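Asks: Would you be able to build a 3D model of this:
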Amino acid sequence: MAATVTTYDPNDWRKDAACRKLDTAVFFPEDDLGAAKAKAICAACPVREACLDFALITRQDDGVWGGLDENERRRVRRRRQEAARRRAA
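Replies: The predicted model follows:
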């Protein structure tokens with residue numbers, strides 16, 4: 001019997017994303033109302049955390065990813081960097 005090889009695709013979460021079939025423009029809003037609509041979609045998404053991790057790791061600078069806008073992700077990155085510095089000290 002042949003062995004089955006399973007490969008892991010780090011972007012596999014995308015197939016389960018609530019935004020999968022939506023126009024991506026929704027997630028690159030021009031105002032606060034648009035951002036709130038995008039965040040509402042993210043709030044109900046089963047893969048929100050994976051999406052946010054992807055955005056943080058790949059340094060996505062624009063749009064709403066994992067329910068957070070650019071400024072919110074920047075704050076998360078800063079907090080994580082500060083925590084890593086404290087652990088290293």
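Asks: From now on I want contacts and neighbour counts done on CA atoms only, so please keep to that.
Replies: Fine.
Asks: what's the longest helix along the chain in contact with?
Replies: In the chain, taking DSSP state H as the definition, the longest helix is helix 70-88. With CA atoms under 8 Å, 6 or more residues apart in numbering as the test, helix 70-88 has contacts from 56, 60-64.
Asks: Please identify the buried residues of it?
Replies: 73-74 (16 or more other CA atoms under 10 Å).
Asks: With stretch 38-47 instead?
Replies: Within stretch 38-47, the residues that count as buried by 16+ other CA under 10 Å are 38-39, 41-42, 45, 47.
Asks: From the contacts of helix 70-88, pick the one nearest residue 22.
Replies: Of all the contacts of helix 70-88, residue 64 has the smallest distance to residue 22: 13.4 Å, by CA to CA.
Asks: Now for the closest one, how many residues are close by?
Replies: Neighbourhood size, residue 64 [other CA atoms under 10 Å]: 27.
Asks: any idea how far residue 39 is from it?
Replies: The gap separating residue 64 from residue 39 is 7 Å, by CA to CA, to the nearest Å.
Asks: Grab the CA positions of the longest helix of the chain and hand them over as CSV.
Replies: What follows is helix 70-88, C-alpha atoms only, in CSV (Å, rounded to 0.1, in the frame of the first residue of the first chain):
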residue,chain,number,x,y,z
GLU,A,70,-4.1,49.3,9.0
ASN,A,71,-3.7,51.3,12.2
GLU,A,72,-5.0,48.5,14.4
ARG,A,73,-2.6,46.0,12.8
ARG,A,74,0.2,48.4,13.3
ARG,A,75,-0.6,48.6,17.0
VAL,A,76,-0.7,44.8,17.3
ARG,A,77,2.7,44.5,15.6
ARG,A,78,4.1,47.1,17.9
ARG,A,79,2.8,45.4,21.0
ARG,A,80,4.1,42.0,19.8
GLN,A,81,7.6,43.6,19.1
GLU,A,82,7.6,45.2,22.6
ALA,A,83,6.6,41.9,24.2
ALA,A,84,9.4,40.1,22.4
ARG,A,85,11.9,42.7,23.5
ARG,A,86,10.8,42.3,27.1
ARG,A,87,11.1,38.5,26.9
ALA,A,88,14.6,38.8,25.3
